[in-house]
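Student: with the sequence up front, the predicted model follows.
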There are 2 protein chains.
Amino acid sequence: MVTLILDCYGGDHSPKANVDGALKVLEETSDLNLLLVGDEKGIASELQNKKYDSSRCHIVDAPEVIDCHEAPSLAVFHRKNSSLVRSLDLLKDNQADGMVSLGNSGALLVGGVVKIGKIEGVTRPAFCPLVPTMDGSFCAICDSGASSEANAQEILQYALMGSLYLEKAFGRKSPRVALLNIGTEEGKGDPIHQEAYQLLKACPSLNFVGNMEGRDLTSGAYDLVVADGFSGNILLKSTEGMGLALLKLLKKSFYKNVKNKMGALLLKKDIYEIKDFMDYNNYGGAVMLGLKKTLVKAHGGGDERHVFHSLLQAYTLEKNQLSEAIRSSLASLQEAQK
Amino acid sequence: MVTLILDCYGGDHSPKANVDGALKVLEETSDLNLLLVGDEKGIASELQNKKYDSSRCHIVDAPEVIDCHEAPSLAVFHRKNSSLVRSLDLLKDNQADGMVSLGNSGALLVGGVVKIGKIEGVTRPAFCPLVPTMDGSFCAICDSGASSEANAQEILQYALMGSLYLEKAFGRKSPRVALLNIGTEEGKGDPIHQEAYQLLKACPSLNFVGNMEGRDLTSGAYDLVVADGFSGNILLKSTEGMGLALLKLLKKSFYKNVKNKMGALLLKKDIYEIKDFMDYNNYGGAVMLGLKKTLVKAHGGGDERHVFHSLLQAYTLEKNQLSEAIRSSLASLQEAQK
């Protein structure tokens, strides 16, 4: 059996989206227990009149909610009755194997490091979100902003952790790893990225395919892009931002006049497909790589599909023992670099 | 009179786009001389049968072309007969006030620094391209990748140079300056960006409005985004890349079947408007800020409209003496920081 914690508050559509996602994942699995953490009454009211296997689903009361604007460190240490901190404490006390939260990223990061702890050998844990690609697949970014800087050795760790994640979560064998840089040629970038290139190239357990420029994230040519957290964050947010801005512009033109509305109606199916393809609700959240237990940070705006995919992601990673694979891979690296 | 050099080769549509753009800008101005540099026969053949003021337009023969893949330093020192190096040499010898090239960015950067020289007080020259925003205007990014790193003081210089550029080229008074960062709150980012925030905030001649995340570049809330060249380059390329990728996807769906084709026909005008709005040919190129003379790097894929806008940009900057304004602003800053 795998036991997962679901923080049921902290998202825009909480607790409804969280509970509905949880019930869906219970339906799809037979060896998964869920602890639903948050305001007991709120969760119970969402569960009312719904059919589910109650022997695999338990509520843990934690009436407070951490706001997305609260200072992470303060929240982690002073809001013990919040759904997020309560979830982390349960995980720390070995009441579960992993957890999913839609809440405050900073608090999850601080709490994850302080309460759950890093895998031996990991210097910086990293957020690893998924971005849809134009060929209908997706590409992972590691690190997308857990840290605001990284050295070359840490970027190498991101590559190893991210590759194992893609293998364990989605069965991608020898994922194509690129280094985010300002040009494709070897030798591009600042000294840290030049050194990272050499480390990645020399690592036998990686399928390193070279530098990638910001414009090629969605090309489908890469499975994983490794980056210092600063530039990885810029890459993720500017790609998502431009996608949403253009869709908004399109939508505006579709409603502009009767002629346009008729045109949009004819195109409806395919336009929805494009919108759908960019919808993170069809994917899981950002896994926090490098912690002793599985922790998935889902989008705050996610709906029940996103919660479902995020829980399924955490479940699969636990089944395939990602944390142990990362520990072993970093130990081998350390041995080889001695 | 202002004299500008136009490197007529090195672009995808050279020399036709270059020559056509040049003739258009001659039509719109009365006190501008142009030196068209490149293969004499090729340029002459483009000029043939066209009406223009030949007293303000002269060809300078330089038969070679630098490829976009050539190593910049080698090209600058060994390809003296190329249109790009010949252009730089003419500028260095005071045969003109400024220049526009669609050629190899690296060679322009190296050549600009070595042959033209930096303004006193400038430590790193910076590329400053324009990106269209959703409100129909545009936002500048400085630095977009002339350097692969920058310290806080250099980011402050980018802000001063970029603000003066927007004022001198487009009459934007007290442009809103944001710092590219991984969160909007003060205190976000690595130590360099934290320090840069404080320097920008304390500078009385800037209209600093705070940190900006990657997703907000096209929002219209900012006139100038300052960034170390590494993250600025990621911002520019990922925003452009996602825009182009989505337009491609849309285009594909428009041609998918008869129904979609009909729908697209009805929407044609507005879809073209969106495409047009993202088209860099409606704007000028990236000015290289911090050099003693005006140097504009236009897109290699630019058409005659882009060449026209880039020449007009260089002309306006010369008329409004941007380089002198930058020199004086940095001297005042140095004085104030003593």
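Tutor: That came through, no problem. Numbering: from 1, shown residues only, chains lettered A, B, ... in the order given.
Student: wait, does the helix ranked longest in chain A contact chain B?
Tutor: Longest helix in chain A, counting residues (DSSP state H): helix A:229-254. Yes. Interface with chain B: helix A:229-254 contributes A:229-231, A:233-250, A:253-254 (Cβ under 8 Å from any Cβ of the partner chain). Just so you know, the C-beta spots here come from the backbone N, C-alpha and C atoms, and that holds for glycine as well.
Student: roughly how far does residue A:319 sit from chain B?
Tutor: 33 Å (Cβ to the nearest Cβ, to the nearest Å).
Student: report the spatially nearest residue to that residue, omitting neighbours in sequence.
Tutor: residue A:2 (6.4 Å; Cβ to Cβ, 6 or more residues apart in numbering or on different chains).
Student: tell me the phi and psi of the one you found?
Tutor: phi -110, psi 130 (degrees, to the nearest 10).
Student: show me where the stretch 101-250 of chain A has strands.
Tutor: A:126-128, A:130-132, A:138-142, A:176-180, A:207-212, A:224-226 (DSSP state E, counting those that start in this stretch).
Student: packing partners of the fourth one?
Tutor: For strand A:176-180, the contact count by 3 or more Cβ pairs under 8 Å, 6 or more residues apart in numbering or on different chains; DSSP states H and E identifies helix A:152-170, helix A:191-202, strand A:207-212, strand A:224-226, helix A:229-254 as packing neighbours.
Student: quick check: pLDDT value at residue A:334.
Tutor: We note a pLDDT of 89 for residue A:334 in this prediction.
Student: was I right to think it contacts residue A:121?
Tutor: Yes. Taking contacts as Cβ atoms under 8 Å, residue A:334 lies within contact range of residue A:121: 5.9 Å.
Student: any residues in contact with both of the two?
Tutor: Counting by Cβ atoms under 8 Å, 6 or more residues apart in numbering or on different chains, residue A:334 and residue A:121 have no shared contacts at all.
Student: between the two, which is the more surrounded one?
Tutor: Taking other Cβ atoms under 10 Å in any protein chain shown, residue A:334 and residue A:121 do not tie; residue A:121 has more neighbours (17 against 11).
Student: distance of the more buried one relative to residue B:168?
Tutor: For residue A:121, the distance to residue B:168 equals 53 Å [Cβ to Cβ, to the nearest Å].
Student: same check, this time on residue A:30
Tutor: Here residue A:30 is placed at a distance of 69 Å from residue B:168 (Cβ to Cβ).
Student: ok, these two, which is more surrounded?
Tutor: residue B:168 (21 against 9).
Student: contact partners for that one?
Tutor: Applying Cβ under 8 Å, 6+ apart, the residues near residue B:168 are B:316-317, B:320-322, B:325.
Student: PyMOL command for the buried members of the residues you listed?
Tutor: Here is the PyMOL selection string for the buried members of these, based on 16 or more other Cβ atoms under 10 Å in any protein chain shown:
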select buried, chain B and resi 316+317+322+325
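Student: what would the contacts of residue B:168 look like in JSON lines with pLDDT, distance to residue A:102 and secondary structure?
Tutor: Output for these, formatted as JSON lines (pLDDT from 0 to 100; distance: Cβ to Cβ, whole Å; DSSP: H, G, I helix; E, B strand; the rest coil):
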{"residue": "B:316", "pLDDT": "97", "distance to residue A:102": "50", "secondary structure": "helix"}
{"residue": "B:317", "pLDDT": "97", "distance to residue A:102": "49", "secondary structure": "helix"}
{"residue": "B:320", "pLDDT": "96", "distance to residue A:102": "51", "secondary structure": "coil"}
{"residue": "B:321", "pLDDT": "96", "distance to residue A:102": "54", "secondary structure": "coil"}
{"residue": "B:322", "pLDDT": "96", "distance to residue A:102": "49", "secondary structure": "helix"}
{"residue": "B:325", "pLDDT": "96", "distance to residue A:102": "49", "secondary structure": "helix"}
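Student: what about chain A: which of the contacts of residue B:168 touch it?
Tutor: Of those, not one also sits near chain A (Cβ under 8 Å from any Cβ).
Student: which pair in the contacts of residue B:168 spans the largest distance?
Tutor: B:316 and B:325 (12.8 Å; Cβ to Cβ).
Student: mind giving me the packing neighbours of the lowest-mean-pLDDT helix or strand in chain A?
Tutor: The weakest-scoring helix or strand in chain A, judged by mean pLDDT, DSSP states H and E, is helix A:258-277 (a mean of 83). Packing partners of helix A:258-277 (3+ Cβ pairs under 8 Å, 6+ apart): helix A:229-254, helix B:229-254, helix B:258-277.
Student: for the first one, packing partners?
Tutor: Just to be clear, that refers to helix A:229-254. strand A:130-132, strand A:138-142, strand A:176-180, strand A:224-226, helix A:258-277, helix B:229-254, helix B:258-277.
Student: list the contacts of the fourth one.
Tutor: Strand A:224-226 has contacts (Cβ under 8 Å, 6+ apart) with A:139-143, A:155, A:158-159, A:162-163, A:166, A:175-180, A:196, A:200, A:212, A:217, A:232, A:235.
Student: next: the first one.
Tutor: Residues from elsewhere that reach strand A:130-132, judged by Cβ under 8 Å, 6+ apart: A:138-141, A:217-218, A:236, A:239-240, A:277-278, A:280, A:282-284, A:286.
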